[in-house]
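1. predicted coordinates and the sequence they were generated for:
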Amino acid sequence: MERTTLRRRALVAGTATVAVGALALAGLTGVASAGPAGTTAPPVSADSLSPGLLAAMERDLGLDADDARSRIAAEHRAAAVAAGLEKSLGASFAGARVSGGKAALTVSTTDASEAARITDAGARAEVVGHSLDRLEGVKDALDRAALRTAPKDVPVWYVDVAANRVVVNAASTAAGTAFVEAAKADGSLVTVVRSAERPRTFADLRGGDAYYMNGSGRCSIGFPVKRGTQNGFATAGHCGRVGTTTNGFNQQAQGTFQGSTFPGRDYAWVATNANWTPRPLVNGYGRGDVTVTGSTAAVVGASVCRSGSTTGWHCGTIQQLNTSVTYPEGTISGVTRTSVCAEPGDSGGSYISGSQAQGVTSGGSGNCSSGGTTYFQPLNPLLQAYGLTLVTSGTPTDPPTDPPTDPPTDPPGGTWAAGTAYAAGATVTYGGATYRCLQAHTAQPGWTPDAVPALWQRV
């Protein structure tokens, strides 16, 4: 299969109507995930799950509605436990994954003495030889080499936490080995696997809705966002460059790309005009829109669904995190590899697990007739890169403005820390007082508990 940038071309002239499936955009506010040690993300409400999402999970994963609800709830709990253990295990942490219909959590460590800590948290402990930091160091070496020269016939590489190895997919063993040697990476930690995969990007204000770039191509909205009082949406970087103008699914003027990164990463955001109101929704394609309540990152093995303007809803599982992929335009790193299919025009669209936004569609191989592999750019790094807030069902009417350039001079003197993902209900200390989180978000410099009452309540 050919690796190409597949931005869906669209003829936009006069009053011509373009028939495309609207991509339901899941509104993402903040980041709902595990907070400080000892706190957990709020439970998933079975009633909050879209009938369309449940139907897609039944079709693609063979789960009936009750099984899907149970699995999503278990995966959500597992993500919170895994995030807490990653912090407490520190350098010995070697990754986490879920498996089976009950989403049983396995957490790996290089320190056998930490096994009890893992089992006490409700996970299965696995002692392995290499820490996640060490494996990601090898992958970083491959990433740096790819930035210098995109590897020939080496489309994908990633850390496989189940195998405790770095895996390089290549058209031939020789090509993969040559890439590892050129990168001066530790080959003893790398497995080269022959693969015919040929990823390409899927380029063709509700998540999943179509939009058009400069009147010449189509992509899909990822999630509605805000930057201060400015409304907009997150999407894929390969869909447009800074200054690219967009029209909405109805061909009306919509906005302009304000930030875009591709290759290297594959993320962007578009600022929209006053005619477009962000909603915390992902297009459900006639089966009910999905409400977005946060952006807790799911773990390896978790179920995930995608909404896009070409193929609508499709589901699968997360295969690997922090994957690198080579497209004809260059290499991107930090994407998540999934078993979900996609096609041209789906690029930029929403990935969601339960009610938790995961990321925006980047590219892949195959299609939704024969099946395929697709990669998404995780949402939380995108939000952090551009100082954005995800629009969710808990977004306040007056969200916090952009964080100040300089952090506060007051030392925190507590457990609150910028860059941490806090869940609603999480508690922190700051300046000698205790605060409870009112809505899921990722803390930014200046959004201290004493300064942002929309996010924190003193207790």
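-> Structure's in. What do you need?

2. skip ahead from the least confident helix or strand in the chain by mean pLDDT and say which helix or strand is next.
-> Least confident helix or strand of the chain, by mean pLDDT, DSSP states H and E, is strand 5-7 with a mean of 33. Under the assignment DSSP states H and E, the closest C-terminal helix or strand after strand 5-7 is helix 51-61.

3. what's the next helix or strand after that following helix packed up against?
-> Next in sequence after helix 51-61, counting helices and strands by DSSP H and E, comes helix 65-89. The contact analysis (3 or more CB pairs under 8 Å, 6 or more residues apart in numbering; DSSP states H and E) places helix 65-89 against helix 51-61, strand 93-99, strand 104-109, helix 115-120, strand 303-308, strand 350-353. C-beta here means a position set from N, CA and C on the backbone, and glycine is covered the same way.

4. nearest to residue 285, out of those?
-> helix 51-61 (6.0 Å; CB to CB).

5. who's in contact with that closest one?
-> The contact list for helix 51-61, computed with CB atoms under 8 Å, 6 or more residues apart in numbering, reads 24, 63-65, 68-69, 284-290, 303, 305, 313-317, 340, 352.

6. coming back round to it: would you turn the helices and strands packed on helix 65-89 into a markdown table with mean pLDDT and mean neighbour count?
-> Output for the helices and strands packed on helix 65-89, formatted as a markdown table (pLDDT from 0 to 100; neighbours: other CB atoms under 10 Å):
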| stretch | mean pLDDT | mean neighbour count |
| --- | --- | --- |
| helix 51-61 | 89 | 20 |
| strand 93-99 | 97 | 24 |
| strand 104-109 | 97 | 23 |
| helix 115-120 | 96 | 14 |
| strand 303-308 | 94 | 32 |
| strand 350-353 | 96 | 32 |
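
7. reformat these as CSV; add distance to residue 237.
-> Compiled in CSV, those are given as follows (distance: least, CB to CB, whole Å):
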stretch, distance to residue 237
helix 51-61, 26
strand 93-99, 27
strand 104-109, 32
helix 115-120, 37
strand 303-308, 16
strand 350-353, 15
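
8. what mean pLDDT does the helix or strand in which residue 134 is found have?
-> Using DSSP H and E, the element containing residue 134 is helix 132-148. Confidence over helix 132-148 (mean pLDDT, whole number) is 94.

9. can you spell out which helices and strands pack onto that helix?
-> Under the contact rule (3+ CB pairs under 8 Å, 6+ apart), helix 132-148 is packed against strand 93-99, strand 156-160, strand 165-170, helix 173-182, strand 312-327, strand 330-338.

10. deepest-packed of the ones you listed, please.
-> Among these, strand 156-160 has the highest mean neighbour count (mean count of other CB atoms under 10 Å), at a mean of 26.

11. quick one: low-confidence residue ranges for the stretch 351-459 of the chain.
-> 394-413, 419, 439-447, 451-455 (pLDDT under 70).

12. that one: helices as residue ranges?
-> Using DSSP state H, counting those that start in this stretch, the helices assigned to the stretch 351-459 of the chain run over residues 379-386.

13. now residue 173, nearest residue through space, not along the chain?
-> Excluding the flanking residues, the one nearest residue 173 by CB to CB, 6 or more residues apart in numbering is residue 192, at 5.4 Å.

14. that older thread, turn the helices and strands packed on helix 132-148 into TSV, columns for distance to residue 427.
-> Converted to TSV, the helices and strands packed on helix 132-148 look like this (distance: least, CB to CB, whole Å):
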stretch	distance to residue 427
strand 93-99	24
strand 156-160	33
strand 165-170	38
helix 173-182	46
strand 312-327	28
strand 330-338	30
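
15. one step back: what sits against the residue nearest to residue 173?
-> Under the criterion of CB under 8 Å, 6+ apart, the neighbours of residue 192 are 167, 168, 170, 173, 176, 177, 180.

16. who does it bridge with?
-> Using DSSP bridges, the beta-bridge partners of residue 192 come out as residue 168.

17. how much space between it and residue 171?
-> 11 Å (CB to CB, to the nearest Å).

18. and stretch 210-229, C-alpha only, in PDB?
-> Extracted in PDB, the C-alpha atoms of stretch 210-229 (Å, rounded to 0.1, in the frame of the first residue of the first chain):
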ATOM      1  CA  ALA A 210     -15.800  18.200   7.600                       C
ATOM      2  CA  TYR A 211     -14.000  21.500   6.800                       C
ATOM      3  CA  TYR A 212     -12.300  22.700   3.700                       C
ATOM      4  CA  MET A 213      -8.800  24.300   3.300                       C
ATOM      5  CA  ASN A 214      -8.400  27.300   0.900                       C
ATOM      6  CA  GLY A 215     -11.300  25.800  -1.100                       C
ATOM      7  CA  SER A 216      -9.100  22.900  -2.400                       C
ATOM      8  CA  GLY A 217      -9.100  20.000   0.100                       C
ATOM      9  CA  ARG A 218     -11.100  18.500   3.000                       C
ATOM     10  CA  CYS A 219     -10.200  17.400   6.500                       C
ATOM     11  CA  SER A 220     -12.100  16.700   9.700                       C
ATOM     12  CA  ILE A 221     -12.400  18.700  12.900                       C
ATOM     13  CA  GLY A 222     -10.800  17.000  15.900                       C
ATOM     14  CA  PHE A 223     -12.200  18.800  19.000                       C
ATOM     15  CA  PRO A 224     -13.500  22.300  19.800                       C
ATOM     16  CA  VAL A 225     -11.000  24.300  21.900                       C
ATOM     17  CA  LYS A 226     -10.600  27.800  23.400                       C
ATOM     18  CA  ARG A 227      -7.600  30.000  23.800                       C
ATOM     19  CA  GLY A 228      -8.700  32.600  26.300                       C
ATOM     20  CA  THR A 229     -11.900  33.900  24.700                       C
END
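
19. many thanks, we can stop here.
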